[in-house]
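# Output the structure for:
(one chain, ligands or ions: 1)
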Amino acid sequence: MERLIIAGGDPLEGSIRISGAKNAALPILAASLLGDGPSFISNIPHLHDITTTMELLGRMGVGLTVDERMCIEVDPTTLTDPFAPYDLVKTMRASILVLGPLLARFGRADVSLPGGCAIGTRPVNLHVEGLRAMGAEIDVSGGYVRARCKRLRGARLIMDLVTVTGTENLMMAASLAEGETVIENAAREPEVVDLADYLNAMGAHVEGAGTDTIRIQGVERLAGTHYAVLPDRVETGTYLVAGAITGGRVLIKDTRPPLLEAVIAKLEEAGARIRSGDDWIELAMPGAKRPRAVSLRTAPYPGFPTDMQAQFCALNAVAEGVGMVSETVFENRFMHVNEMQRMGADIRLEGRTAVSTGVDRLTGAPVMATDLRASASLVLAGLVADGETYVDRIYHIDRGYECIEEKLAQLGARIRRVPA
Ligand code: UD1
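Below you'll find the model as predicted:
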């Protein structure tokens, strides 16, 4: 086990490059199962969730070759066993993304149920119901989803609620189904669009990704292709908050500013001055003063992302004034609040809203990471705390932030990784 030690107090200054988006790379790697030849996926972030996905695909017999720049060749033609076991799925819920592709391409899939996690129950009923509507026979028992079909049939799928990986699973399955599938109330996240672009590069006919209605004309076969994953908007947002919370100035390169509109609007409300170009964003805090507290509600894209909620709780903890952060996507995503309170934050939970009265400074303390984004928020809090903050269980951070301590150090933070 390892921990991060952060010595707070310095404004961050400098520039960093953003990695490929985890939440796009995972479905794209799963979608490469649909091809009848190898795909070459580049701009893959070096993350624990990617290693888990590779282990998952490797155990199925898929051929994998990684070059020194994290371009991965995925050859699904050697697959022997369409099986995703519990020991891997329990460490990464997104493993459920192999269900749709395996079923559509190989006619069968046995995928462990992900179970609960730190931020709520997170069921996969909508993935299963959608595949059933497309003609799959699915038995959910013994902790596994066991799915069988001849060829899936296109269907009209009206999603009860907006689900990102649910939309992705069904979109992948529909690409090889017979006839047209229409997904209504589809997730509009940029990672869904990136997956659709990848599928279309393989020869699929997907239209409407990025809107709430996606139409897929099934095709008989998909080919392997070359594809570069889009930049990570959550990583981008996290480093922007790092600049704002420390009263610094950061330049974020290799990103896509239009994907962060909701986040940038809140940073401006907090007092940040933002400039951006095609693939960069610069944030400065004029006067290097404390940010102003902001209020927000998380919502599916293009609303404010739930994956940025914890980082804004950290910002509000040291901001001037009172900020209210409401979580509407997940039922229990405030585990970071307790830890921030241990650092001196004045935050009160009222149902699904965190009401925070900003304090002048936080105090360094030993804290525990509970999930991926919560752990990033504790690192941010550590950057503005007096003394040293020890963040334990950082395997959560390594699931989703490539080289976090190197990138923060490049911005001038005093942060180091040590054995716990
Ligand atoms: C994805 C992202 C995650 C992000 C989340 C919301 C990936 C790999 N992960 O997770 O980082 O926080 O979107 O933006 O892309 N739900 C059901 N039944 C289902 C599916 C979902 O009730 O079958 C509920 C969930 O419990 C949750 C809500 O729908 O309350 C949204 O979850 P969903 O969009 O599915 O999240 P993920 O796709 O797991």
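
# residue ranges with poor pLDDT in the stretch 301-420 of the chain?
The model of the stretch 301-420 of the chain has no residue with pLDDT under 70.

# how about the helices in it?
309-317, 335-342, 372-383, 395-400, 404-410 (DSSP state H, counting those that start in this stretch).

# any chance of the ones you listed in CSV, plus distance to the ligand?
C-beta: built from backbone N, CA, C; applies to glycine. As requested, the helices of the stretch 301-420 of the chain are exported to CSV (distance: least, Cβ to the nearest ligand atom, whole Å):
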stretch, distance to the ligand
helix 309-317, 9
helix 335-342, 14
helix 372-383, 8
helix 395-400, 8
helix 404-410, 17
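
# would JSON lines of those with mean neighbour count be doable?
JSON lines is the format used below for those (neighbours: other Cβ atoms under 10 Å):
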{"stretch": "helix 309-317", "mean neighbour count": "29"}
{"stretch": "helix 335-342", "mean neighbour count": "21"}
{"stretch": "helix 372-383", "mean neighbour count": "29"}
{"stretch": "helix 395-400", "mean neighbour count": "21"}
{"stretch": "helix 404-410", "mean neighbour count": "18"}
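
# Can you tell me which of these is nearest to residue 6?
Residue 6 sits nearest to helix 372-383 of all the helices of the stretch 301-420 of the chain, at 3.4 Å, using Cβ to Cβ.

# Relative to the whole chain's centre, how far out is the closest one?
Its chain's average C-alpha position is 15 Å from that of helix 372-383, according to Cα atoms, centre = their mean, to the nearest Å.

# Can you pull the residues of the stretch 251-400 of the chain lying near the ligand?
For the stretch 251-400 of the chain, the contact set with the ligand under Cβ under 6 Å from any ligand atom comprises 306, 307, 329, 330.

# who touches residue 270 in this structure?
Residues in contact with residue 270 (Cβ atoms under 8 Å, 6 or more residues apart in numbering) are 244, 291, 292, 293, 294, 315, 319.

# hang on, isn't the third one packed against residue 269?
Yes. Counting by Cβ atoms under 8 Å, residue 269 is a contact partner of residue 292 at 7.0 Å.

# which residue ranges form the strands in the stretch 251-400 of the chain?
With DSSP state E, counting those that start in this stretch as the criterion, the stretch 251-400 of the chain has strands at 273-276, 280-284, 296-297, 322-326, 346-350, 353-357, 362-363, 366-368, 385-386, 388-392.

# any residues touching stretch 11-20, and which ones?
Identification of contacts with stretch 11-20 by Cβ under 8 Å, 6+ apart yields 42-47, 228-232, 235-236, 239, 242-243, 246-255, 285, 288, 383, 402, 407-408, 410-413.

# Report the buried members of those.
Among the contacts of stretch 11-20, those classed as buried by 16 or more other Cβ atoms under 10 Å are 43-45, 47, 229-232, 235-236, 239, 242-243, 246-252, 255, 285, 383, 402, 407-408, 411, 413.

# Any regions of this structure where pLDDT drops low?
Within the chain, the stretches with pLDDT under 70 are 115-122, 288.

# Pull the number of nearby residues for residue 178.
The criterion is other Cβ atoms under 10 Å. On that basis, residue 178 has 16 neighbouring residues.

# list the contacts for it?
Applying Cβ under 8 Å, 6+ apart, we find residue 178 in contact with 151, 152, 153, 154, 218.

# For those residues, could you give me a markdown table that also reports neighbour count?
Listed next are the contacts of residue 178 as a markdown table, based on neighbours: other Cβ under 10 Å:
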| residue | neighbour count |
| --- | --- |
| 151 | 14 |
| 152 | 26 |
| 153 | 17 |
| 154 | 19 |
| 218 | 21 |
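
# wouldn't residue 327 be in contact with residue 296 here?
No. Taking Cβ under 8 Å as the definition, residue 327 is not a contact partner of residue 296, at 9.8 Å.

# Endpoints of stretch 171-189, how far apart?
Stretch 171-189 has its terminal residues 13 Å apart, counting by Cα to Cα, to the nearest Å.

# Any buried residues in that stretch, and which?
Within stretch 171-189, the residues that qualify as buried are 171-178, 181-183, 185-189, counting by 16+ other Cβ under 10 Å.

# now for the residues you listed, which pair is the farthest apart?
Within the buried residues of stretch 171-189, two members stand farthest from each other by Cβ to Cβ: 178 and 189, at 27.4 Å.

# can you pull the contacts of the nearest residue to residue 41 once chain neighbours are set aside?
The spatially closest residue to residue 41, leaving aside those adjacent along the chain, is residue 72, at 5.1 Å (Cβ to Cβ, 6 or more residues apart in numbering). Going by Cβ under 8 Å, 6+ apart, residue 72 touches 29, 40, 41, 42, 44, 54, 64, 65, 66.
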